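> Here is a sequence together with a model predicted from it:
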Protein chains: 2
Amino acid sequence: MAIDGTARRADARRNVESILEAATALLATDPAVSVNEIARAAGVGRVTLYGHFPSRAALVEAVSRRVIASTDQALTAVDLDGDARDAMARLLAATWQLTYRFGAIVVAASDALTPEEMRRVHEEPARRMRALVARGRDEGVFRRDMPLSWQLTTVQAVLHGASAAVHRGDVPAEDATRLVRDTVLAALAVTSSG
Amino acid sequence: MAIDGTARRADARRNVESILEAATALLATDPAVSVNEIARAAGVGRVTLYGHFPSRAALVEAVSRRVIASTDQALTAVDLDGDARDAMARLLAATWQLTYRFGAIVVAASDALTPEEMRRVHEEPARRMRALVARGRDEGVFRRDMPLSWQLTTVQAVLHGASAAVHRGDVPAEDATRLVRDTVLAALAVTSSG
DNA sequence: TGCTTCTCGAACAACGGTGTACGCCTTTCA
DNA sequence: TGAAAGGCGTACACCGTTGTTCGAGAAGCA
């Protein structure tokens, strides 16, 4: 069992891994996917899945935690020093990858997790982005005639729109990083007329 | 009956109207709302609802057609002549109202309508926005270093992000029009550095 | 090899949703 | 005022999903 200290058998560990991977892949495109489909995709019986995760919500939560962990790791590796616009370009490039790969999981999580868990999950990545935008505003390179919270909403919206567009096939994946960067920086930049 | 020429009774017409209004209001915030809740909100029995609409999908389709009709009416009333930026500001103001009120209905419709119906529903509004962005590009007021389709994606993304933010309570409704307009125009405008 | 752990399918209960049938009652309208 | 149209609640069948139980059997591990 995982709860006490006893070591799990090797096939159990393998299956847990398969389930998490399959769930991550399926939830990323369909937040309402059923436990049955996840188990089938993992090459595992549904009952086996319930042997490892007590409920669908618990599985979604585990997937979320996993994605958050790798997200945090990728985002904390980003250098946020120097010119705020350059830092934003770097942070956007990293965030874009994560949004593209894991975006829809957030939707699944919002149905399965408590509001407080959701808030905690979003807090750390949002904090970094917020701090960067705030610094850009203080330094006069980002506009101050809009609420900071609106600017964060805009960044999120562009990222999600880009993810949908690439999944839909409207935009080539290799162009997305540049387009997201240029669009967000244009939206945030102080204007000559402002 | 509505199918043949026979006139429906007055209370029947009233109930159909109530059902459509309630469904529009509920679907606008929860695309997965049940027939039961719609009937209750309309002050009508569930069976009565099924007497007027043969299935949930038929109801969603009727609501969609209705919303589309009023959408078309509102959008064709917008003056798209003159400076492309001013025209965009006007078109955004009108589109914002519709996105805010009816946005989630599109989600409900995408589950209940065929893909071809969905395409046809989006076509006309998208065509107008596309034509305006194209004119702005030709006239040199909107940037040309991004695909037009990406710019349309951006506009949609900002509109939907704003809608979500207002419904969430992050942004006051009365500020949304200005924020959407300023943000989209900044994202589309040619840059001094470009 | 043999004990333990785990898998797996089948079956079951519970829930919530859609859609239908029936019978009684109210409203409309001529 | 009375026949027709419509509303309404109840009940039912059906479906997909979640979550559980059981027992047989396979896989891991010492």
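Cool, got the structure. Everything numeric here is computed off the predicted structure, so don't read it as measured data.

> For chain A, which residues are neighbours of DNA strand D?
Residues of chain A lying near DNA strand D by C-beta under 7 Å from any atom of the strand: A:9-11, A:34-36, A:46-47, A:50, A:54-57. Every C-beta, even on glycine, is put in place using the N, C-alpha and C of the backbone.

> Nearest to chain B among those?
Distances from chain B to the residues of chain A next to DNA strand D, taken as C-beta to the nearest C-beta, are shortest for residue A:34 (15.0 Å).

> From the residues of chain A next to DNA strand D, list just the buried residues.
A:35, A:56 (16 or more other C-beta atoms under 10 Å in any protein chain shown).

> Need the residues of chain A next to DNA strand D in a markdown table (columns: pLDDT).
Formatted as a markdown table, the residues of chain A next to DNA strand D follow (pLDDT from 0 to 100):
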| residue | pLDDT |
| --- | --- |
| A:9 | 86 |
| A:10 | 90 |
| A:11 | 92 |
| A:34 | 96 |
| A:35 | 97 |
| A:36 | 97 |
| A:46 | 96 |
| A:47 | 96 |
| A:50 | 97 |
| A:54 | 95 |
| A:55 | 95 |
| A:56 | 95 |
| A:57 | 93 |
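
> what residues go with each domain of chain A?
As recorded under automatic domain parsing, the domains making up chain A are A:8-54, A:62-188.

> looking at those, which is closest to residue B:150?
With C-beta to C-beta as the measure, domain A:62-188 is the member of these nearest residue B:150 (5.2 Å).

> ok, which residues in chain A are in contact with chain B?
Contact residues (C-beta under 8 Å from any C-beta of the partner chain) of chain A with chain B: A:143, A:145-147, A:149-150, A:153-154, A:156-158, A:160-162, A:164-165, A:170-171, A:175, A:179, A:182-183, A:186-187, A:189, A:191-192.

> so how many other residues sit close to residue A:156?
By other C-beta atoms under 10 Å in any protein chain shown, 19 other residues sit near residue A:156.

> related to what we said a few turns ago, could you pick out the buried ones from the residues of chain A next to chain B?
Among those, those classed as buried by 16+ other C-beta under 10 Å are A:143, A:146, A:150, A:153-154, A:156-158, A:160-162, A:164-165, A:171, A:179, A:182-183, A:186-187, A:189.

> what about residue A:75, distance to DNA strand C?
From residue A:75 across to DNA strand C, the span is 33 Å (C-beta to the nearest atom of the strand, to the nearest Å).

> what comes up buried for whatever helix or strand that residue lives in?
Using DSSP states H and E, residue A:75 sits within helix A:56-76. By 16+ other C-beta under 10 Å, the buried positions in helix A:56-76 come out as A:56, A:59-64, A:66-68, A:71, A:75.

> Please convert those residues to a markdown table, extending it with distance to residue A:104.
Formatted as a markdown table, the buried residues of helix A:56-76 follow (distance: C-beta to C-beta, whole Å):
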| residue | distance to residue A:104 |
| --- | --- |
| A:56 | 16 |
| A:59 | 15 |
| A:60 | 12 |
| A:61 | 16 |
| A:62 | 16 |
| A:63 | 11 |
| A:64 | 12 |
| A:66 | 15 |
| A:67 | 11 |
| A:68 | 15 |
| A:71 | 14 |
| A:75 | 19 |
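
> What residues does chain A have near DNA strand C?
A:1, A:6, A:8-9, A:11-12, A:15, A:43-45, A:47-48, A:51-52.
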